[in-house]
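In: sequence first, then the predicted structure:
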Amino acid sequence: MKIAVSRLGFGGAPIGNLYREVSDEEAFGAVEAAWQSGVRYFDTAPHYGLGLSERRLGVALAGRPRDEYVISTKVGRLLEPFDGEGSDDEGFAVPRHFRRVRDYSADGVRRSIESSLERLGTDRVEVVYIHDPDEHWDAAFSQAYPALEELRSQGVVRAIGVGMNQWEMPERFVRETDIDVVMLAGRYTLLEQPALPSFLPACAERGVSVVACGVFNSGLLSKPVVPPDAKYDYADAPPEPVARARAIASVCDRHGVTLPEVAIQFALGHPAVVSVVVGARTAAQMTSNAARFSASIPAGLWDELKSSGLLGEEVPTP
């Protein structure tokens, strides 16, 4: 990637009221704790809280030296004013004052970035991801990407990416375009590595950086003891991944570390991965994430995970 990002990044979905309301004070405290922990990469999107995450992040970073941090946002969901009653129906505890309109056209990309810059209160963002184009390959490839390529050539954005919960379509972008970075959610984690055989080598071959997110697999790896109501891929976790997570947690415990400490550091073992982005809604959560990220992981743990078959022998480790 043409820009440097901190190895630990801040994910902005929780301060967009993901699943529950978060006060301004809590949100600003989370960003401040990230900054104090050395985080200099902040990710957000219009999707997160119908623009709330972008607005809060902009306020929280106002006054910081602009050249000292990196912001990424996303395109693909335009926000249009809406008179709907009640709360958002896509997981964010916010009023339905806007509605999301999928738009991967060149005009939609430009309009989305312009609106994001206004909400963020900045004149630029360093990274723009094409967000979740799962059912929109044609438009994302033929319209959104060329529009971003033009903006990159003009210096409006410095890096183009795609952010998804799968690896297959991002690999097409890696092989068929000149993107800089992929934000990969949940598909290269301590629990599962389907992106390892094909996608990550393609990134290494093409010089495309990978930002790993969803490293806790929607919460399944987020606690030292895996609870019975754990989530996986945004739903109740099936028995097999729960059993696997508990087996990994037992190995972690034997080596004096916790499951989330190992999970947050795992992806950085691959040379293509430049950053791990983790969300936080409060200062306490962010401080906890930073402590997990900095924990010392004994080499013997990785050896036992491989010898027990819980990690493949070919999986690179930190």
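Out: Sure thing, it's come through. Numbering: from 1, shown residues only.
In: now the helices for the stretch 151-300 of the chain?
Out: Applying DSSP state H, counting those that start in this stretch to the stretch 151-300 of the chain gives helices spanning 168-176, 199-206, 239-254, 259-266, 283-294, 299-307.
In: so for Val31, which of those sits nearest?
Out: helix 283-294 (8.0 Å; CB to CB). (Glycine included, C-beta is placed from N, CA and C.)
In: kindly export that closest one (C-alpha atoms) in CSV.
Out: Coordinates of each C-alpha in helix 283-294 appear next as CSV, following Å, rounded to 0.1, in the frame of the first residue of the first chain:
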residue,chain,number,x,y,z
ALA,A,283,-12.3,3.8,26.2
ALA,A,284,-12.2,0.7,28.4
GLN,A,285,-12.8,-1.6,25.4
MET,A,286,-10.1,0.1,23.4
THR,A,287,-7.6,-0.1,26.2
SER,A,288,-8.4,-3.8,26.5
ASN,A,289,-7.9,-4.3,22.8
ALA,A,290,-4.5,-2.5,22.9
ALA,A,291,-3.4,-4.6,25.9
ARG,A,292,-4.4,-7.8,24.0
PHE,A,293,-2.5,-6.6,21.0
SER,A,294,0.6,-6.0,23.0
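In: still on that earlier bit, I'd like the helices of the stretch 151-300 of the chain as JSON lines, with mean pLDDT and distance to Pro46 appended.
Out: Converted to JSON lines, the helices of the stretch 151-300 of the chain look like this (pLDDT from 0 to 100; distance: least, CB to CB, whole Å):
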{"stretch": "helix 168-176", "mean pLDDT": "98", "distance to Pro46": "20"}
{"stretch": "helix 199-206", "mean pLDDT": "98", "distance to Pro46": "26"}
{"stretch": "helix 239-254", "mean pLDDT": "97", "distance to Pro46": "31"}
{"stretch": "helix 259-266", "mean pLDDT": "98", "distance to Pro46": "26"}
{"stretch": "helix 283-294", "mean pLDDT": "98", "distance to Pro46": "22"}
{"stretch": "helix 299-307", "mean pLDDT": "97", "distance to Pro46": "38"}
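In: which one of those lies closest to Arg96?
Out: Among the helices of the stretch 151-300 of the chain, helix 283-294 sits nearest to Arg96 (CB to CB), with 26.6 Å.
In: surely Asp134 meets Gln166?
Out: Yes. Using CB atoms under 8 Å, Asp134 is in contact with Gln166, at 6.9 Å.
In: who's more crowded, these two?
Out: Neighbours per residue (other CB atoms under 10 Å) separate Asp134 from Gln166, with Gln166 holding more: 16 against 11.
In: pretty sure the more buried one is touching Arg187, no?
Out: Yes. Gln166 is within contact range of Arg187, at 6.4 Å (criterion: CB under 8 Å).
In: dump the helices of the stretch 151-300 of the chain into JSON lines; add mean neighbour count as well.
Out: Output for the helices of the stretch 151-300 of the chain, formatted as JSON lines (neighbours: other CB atoms under 10 Å):
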{"stretch": "helix 168-176", "mean neighbour count": "19"}
{"stretch": "helix 199-206", "mean neighbour count": "19"}
{"stretch": "helix 239-254", "mean neighbour count": "16"}
{"stretch": "helix 259-266", "mean neighbour count": "25"}
{"stretch": "helix 283-294", "mean neighbour count": "18"}
{"stretch": "helix 299-307", "mean neighbour count": "15"}
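In: Asp233: which of the ones you listed is closest?
Out: Closest among the helices of the stretch 151-300 of the chain, using CB to CB: helix 239-254, at 8.8 Å.
In: so how far is that closest one off the chain centroid?
Out: Helix 239-254 sits 24 Å away from the centroid of its parent chain (CA atoms, centre = their mean, to the nearest Å).
In: that helix - contacts with which helices or strands?
Out: Other helices and strands packing on helix 239-254, by 3 or more CB pairs under 8 Å, 6 or more residues apart in numbering; DSSP states H and E, are helix 259-266, helix 299-307.
In: need the CA coordinates for the shortest one. PDB is fine.
Out: Spelled out, it's helix 259-266. The C-alpha coordinates for helix 259-266 follow below in PDB (Å, rounded to 0.1, in the frame of the first residue of the first chain):
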ATOM      1  CA  LEU A 259      -7.900 -16.600  23.400                       C
ATOM      2  CA  PRO A 260      -8.600 -13.000  22.400                       C
ATOM      3  CA  GLU A 261      -4.900 -12.000  22.900                       C
ATOM      4  CA  VAL A 262      -3.900 -14.700  20.400                       C
ATOM      5  CA  ALA A 263      -6.800 -14.000  18.000                       C
ATOM      6  CA  ILE A 264      -6.000 -10.300  17.800                       C
ATOM      7  CA  GLN A 265      -2.300 -11.000  16.900                       C
ATOM      8  CA  PHE A 266      -2.700 -14.000  14.700                       C
END
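In: packing partners of that helix?
Out: helix 239-254, strand 273-279, helix 283-294.
In: run the last query once more with 7 Å
Out: Applying 3 or more CB pairs under 7 Å, 6 or more residues apart in numbering; DSSP states H and E, we find helix 259-266 packed against helix 239-254, helix 283-294.
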